[in-house]
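1. Compute the structure for the input listed below.
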Amino acid sequence: MTWRIIPVNQPTYLTTEELAARIKYDARTIRNRLKDSVLIEGTHYFRPFGGRKILFLWETIERDMQKRLVAAEELAIPMASGQLCHG
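-> Prediction:
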């Protein structure tokens, strides 16, 4: 058996198709609607060696998805029924 050591601080690079599988979106949606409006070049993805291929940074995307979830909950107004009003 051969063991592979993966450094903990190593970023996870994903192709559009791999990202789509992780977040349960269609790859076309990522390319057409999310890229450059929600996913920002230089923050969430980059083009290695200035080429056409795009690699997404999973840790940054995951962090920002959770931030938006927390931000949405902070803006909600609790109701007597236990639900939240997102006015």
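2. Return the per-residue confidence for the closest residue to Tyr25 other than its chain neighbours.
-> Using Cβ to Cβ, 6 or more residues apart in numbering and skipping residues adjacent in sequence, the residue nearest Tyr25 is Leu34, 7.3 Å away. Placement of C-beta: from N, CA and C, glycine included. Model confidence at Leu34, given as pLDDT, is 89.
3. okay, now Leu34: neighbour count?
-> 17 (other Cβ atoms under 10 Å).
4. I'd assumed Asp26 was in contact with it.
-> No: Leu34 is not in contact with Asp26 according to Cβ atoms under 8 Å; the separation is 10.3 Å.
5. now the helices: where do they sit in the protein?
-> 16-23, 27-29, 58-74 (DSSP state H).
6. Export those as TSV, with columns for distance to Cys85, mean pLDDT and mean neighbour count.
-> As requested, the helices of the chain are arranged in TSV below (distance: least, Cβ to Cβ, whole Å; pLDDT from 0 to 100; neighbours: other Cβ atoms under 10 Å):
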stretch	distance to Cys85	mean pLDDT	mean neighbour count
helix 16-23	27	96	16
helix 27-29	29	95	12
helix 58-74	12	76	12
